[in-house]
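Colleague: Have a look at this prediction, sequence included:
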Amino acid sequence: MIEVDIEKRLNGFHLRAAFKAGNELVSLFGPSGSGKTLTLQSIAGLVRPDEGRIAIGDRVVFDSRLGINLPPQKRRVGYVFQDYALLPHLSVAENIGYGLHALPTKARREKVVEMLDLMRLEGLEAHRPHELSGGQRQRVALARALVIQPSILLLDEPFSALDSAIRSKLRAELLQLLRGIDITAILVTHSLEEAYVLSETMVVYDASTEAGSAQTRKGRVLQIGNREEILYRPASRAVARFTGAKNIFSGTVISAGKDGLEILSEGFSIVSPPYERAVGDKVEFCIRPEHIMLLRPDQGLGARVKENRLRGRIVQEISRGSSFTLLFKIDGLQNGRPYDLQVEIPAHVYQKLALADIKEWVVSLKKDAIHVF
């Protein structure tokens, strides 16, 4: 369990971060420079916030009002750095036991052996870090962080330097290892896929320039929630943009009832699920590109899918191997933009619909997939 509510000003940057987490893996997700690592360093005691409070479990480790600021070694925090920070001249066993100097030799050896077994590192005790694979180095770093029996585990972009194939494998290994450990873990990442795969709860950060200042950027928490909520019900345009909603629009409510809202936006109208909005309200809404359906023009008007149908044409397509991104221009919209919608479809659907040859389509924006901010 952790509670964080801090502010920190540093080199033209103003961080404001507040969130709570239980015994789970929580991701701090957002663009580079938004204050995620600074938050992690504040929790660990490597950076002192200007004001606020941090409690880990039932212990307050920082409170600016009460003058509490425990040093890192008294916070019982396990920290896995971005590059793992293993000591190159020490063996695997020596790296794992590095933080156990206060224990008697026998007790220290027993704890190291226990971690070697837990992290599946048996037989590698005498190896140096340069003799290990990426996954083995990660497990050594985790073992070193966990051997002190920390109250919380902090992971600072531990996969960022790895290629995609290794990254995917190590994510799976990390999940498997953490499932058997009753601990709060906080992961810093700017990868949406990583945040979604590894964590149940996401804390979304942003960095923008403070009003009236050309120099001071502010790091702040935009939204906290489970991963489905963050992905499908973003709280703002910024969160929608960070999480890949792509299709984000402004509009005006022209009718509102128990069956939903009708919203007029840039020359076309859509119907959304019901929200607490009134006729005349200005709103923003989004739909994820994978939730837009393509209908053949000769079937569009009579198709069983009748929700939010718009005619237009595919003006560009981008192959991503297993999927395609289609850029779609709605008929009749004179807004100066080269396209109005992004549509994501699997490669086999692209082939089945003969999209390489047919460009005129009707799209359906699924009502239940439209989210109004």
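Modeller: Everything's here; your move. Numbers count the residues shown, from 1 in each chain.
Colleague: Please list all residues in contact with residue 342.
Modeller: Shown in contact with residue 342 (Cβ atoms under 8 Å, 6 or more residues apart in numbering): 246, 247, 289, 325, 326, 327, 328. C-beta: built from backbone N, CA, C; applies to glycine.
Colleague: Same list as before, these that is, but in JSON lines and with distance to residue 295, neighbour count and secondary structure included.
Modeller: As requested, the contacts of residue 342 are arranged in JSON lines below (distance: Cβ to Cβ, whole Å; neighbours: other Cβ atoms under 10 Å; DSSP: H, G, I helix; E, B strand; the rest coil):
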{"residue": "246", "distance to residue 295": "20", "neighbour count": "18", "secondary structure": "coil"}
{"residue": "247", "distance to residue 295": "17", "neighbour count": "19", "secondary structure": "strand"}
{"residue": "289", "distance to residue 295": "16", "neighbour count": "19", "secondary structure": "helix"}
{"residue": "325", "distance to residue 295": "19", "neighbour count": "15", "secondary structure": "strand"}
{"residue": "326", "distance to residue 295": "13", "neighbour count": "23", "secondary structure": "strand"}
{"residue": "327", "distance to residue 295": "18", "neighbour count": "17", "secondary structure": "strand"}
{"residue": "328", "distance to residue 295": "12", "neighbour count": "23", "secondary structure": "strand"}
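Colleague: Can you tell me which of those residues is closest to residue 271?
Modeller: Distance to residue 271, by Cβ to Cβ, is smallest for residue 247 among the contacts of residue 342, at 15.4 Å.
Colleague: Which of the helices or strands spans the nearest residue to residue 120 once chain neighbours are set aside?
Modeller: In space, residue 120 comes closest to residue 139 once its chain neighbours are excluded; the distance is 6.8 Å by Cβ to Cβ, 6 or more residues apart in numbering. Using DSSP states H and E, residue 139 maps to helix 134-146.
Colleague: What is the burial count for the residue nearest to residue 345 when sequence neighbours are not counted?
Modeller: With Cβ to Cβ, 6+ apart as the criterion, residue 345 has its nearest non-adjacent residue at 5.6 Å, and that residue is residue 324. Each residue near residue 324 was counted by other Cβ atoms under 10 Å, and the total is 20.
Colleague: Report pLDDT for residue 324.
Modeller: On the pLDDT scale, residue 324 is placed at 96.
Colleague: That one bridge partners, please.
Modeller: Bridge pairing for residue 324 (DSSP bridges) gives the partners residue 319, residue 345.
Colleague: Name all residues that make contact with it.
Modeller: Here residue 324 is in contact with 317, 318, 344, 345, 346, 347, 350, 355 (Cβ under 8 Å, 6+ apart).
Colleague: Isn't the first one up against residue 358?
Modeller: Yep, that's residue 317 we're talking about. No. With contacts counted by Cβ atoms under 8 Å, residue 317 stays clear of residue 358, the gap being 11.5 Å.
Colleague: Same drill for the two, tell me which one is more crowded.
Modeller: Comparing residue 317 with residue 358 by other Cβ under 10 Å, the one with more neighbours is residue 317, at 16 against 13.
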